[in-house]
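Asks: build me a model:
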Amino acid sequence: MPPHDDLARLLRESRRAVAFTGAGISTESGIPDFRSPGGVWSRMQPILFDDFLNDEDMRREAWRRAFSGVAGWTGASPNEGHFAVARLVADGKIAAVITQNVDNLHQDSGIPPTKVLELHGNASYATCLECGLRHELEALRQGFTERDEIPACQACGGVVKVATVSFGQPMPKDVLRRAEEETLACDLFIVLGSSLVVYPAAGLPIVAKRNGARLAIVNRDPTELDRFADIVIHDDIGPLMSRIAPRR
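Replies: The predicted structure follows:
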């Protein structure tokens, strides 16, 4: 039986599935992953959250990276994997998408933002760390690129940061809580393109499995949690998911 048939069968038998996505679903859109050779962190050192807060030079460097697009996290388009997941959400088969990605491609593929739980934030806009006000990057770009002004909150004057979760920055508690709730409510947990090494996010598949859900892992390379899964598929996500949820 072809691998996609096994996953399609699990989806047919499921009443409430959750998708958990990592960098592997977005590399097919040309977005680099984080840790592999040639990935983002092999090309530049991450800026720690405390350094962003306390070192003006590091804060300036963070904004230089954001406006130059050097990390490559923004500007891409969704691929067939994103669109297939969006079709499954629209059909009511997938209740929520929990993602480690910051590229906004699930929303760009048509999934309602309320159904996308971004554990590591979003690189397509910024927020004030004091009052939480959202700031669009284009509204901040001119002051930085033309006058070398480090962005500040337009409402309260507080520190503004691209809305990703940096190393040393706490994960958003409300998003993590919702992700845990969706994990406990599902009867099928589908991992798509995650190496499952970054915790606490990587613990969610085991939470689902221990709560009685079936676990499917689709990733190009083996993961440490493969032995717990009901099915494991080492394949590219876009072609596989397009066979499961084809364009109509």
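Asks: just the strands in the protein please.
Replies: 17-21, 94-99, 116-118, 121-128, 134-136, 160-164, 188-192, 214-218, 231-233 (DSSP state E).
Asks: would you turn the ones you listed into JSON lines with distance to residue 59, mean pLDDT and mean neighbour count?
Replies: Quick note: C-beta positions are derived from backbone N, CA and C, even for glycine. Below are these laid out as JSON lines (distance: least, Cβ to Cβ, whole Å; pLDDT from 0 to 100; neighbours: other Cβ atoms under 10 Å):
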{"stretch": "strand 17-21", "distance to residue 59": "30", "mean pLDDT": "98", "mean neighbour count": "27"}
{"stretch": "strand 94-99", "distance to residue 59": "26", "mean pLDDT": "98", "mean neighbour count": "25"}
{"stretch": "strand 116-118", "distance to residue 59": "22", "mean pLDDT": "98", "mean neighbour count": "24"}
{"stretch": "strand 121-128", "distance to residue 59": "12", "mean pLDDT": "95", "mean neighbour count": "21"}
{"stretch": "strand 134-136", "distance to residue 59": "15", "mean pLDDT": "96", "mean neighbour count": "14"}
{"stretch": "strand 160-164", "distance to residue 59": "8", "mean pLDDT": "96", "mean neighbour count": "22"}
{"stretch": "strand 188-192", "distance to residue 59": "34", "mean pLDDT": "98", "mean neighbour count": "27"}
{"stretch": "strand 214-218", "distance to residue 59": "38", "mean pLDDT": "98", "mean neighbour count": "24"}
{"stretch": "strand 231-233", "distance to residue 59": "42", "mean pLDDT": "96", "mean neighbour count": "18"}
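Asks: go through those and name the closest to residue 108.
Replies: The closest of the strands of the chain to residue 108 is strand 121-128. By Cβ to Cβ, the value is 9.0 Å.
Asks: if we can go back for a sec, how about TSV for the strands of the chain, with distance to residue 6 added?
Replies: Below are the strands of the chain laid out as TSV (distance: least, Cβ to Cβ, whole Å):
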stretch	distance to residue 6
strand 17-21	14
strand 94-99	17
strand 116-118	26
strand 121-128	33
strand 134-136	41
strand 160-164	35
strand 188-192	12
strand 214-218	8
strand 231-233	5
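Asks: so what's residue 111 up against?
Replies: Contacts of residue 111 were listed using Cβ atoms under 8 Å, 6 or more residues apart in numbering, and they are 85-86, 89, 97.
Asks: nearest to residue 63, out of the strands of the chain?
Replies: strand 160-164 (8.0 Å).
Asks: right, I'll leave it there.
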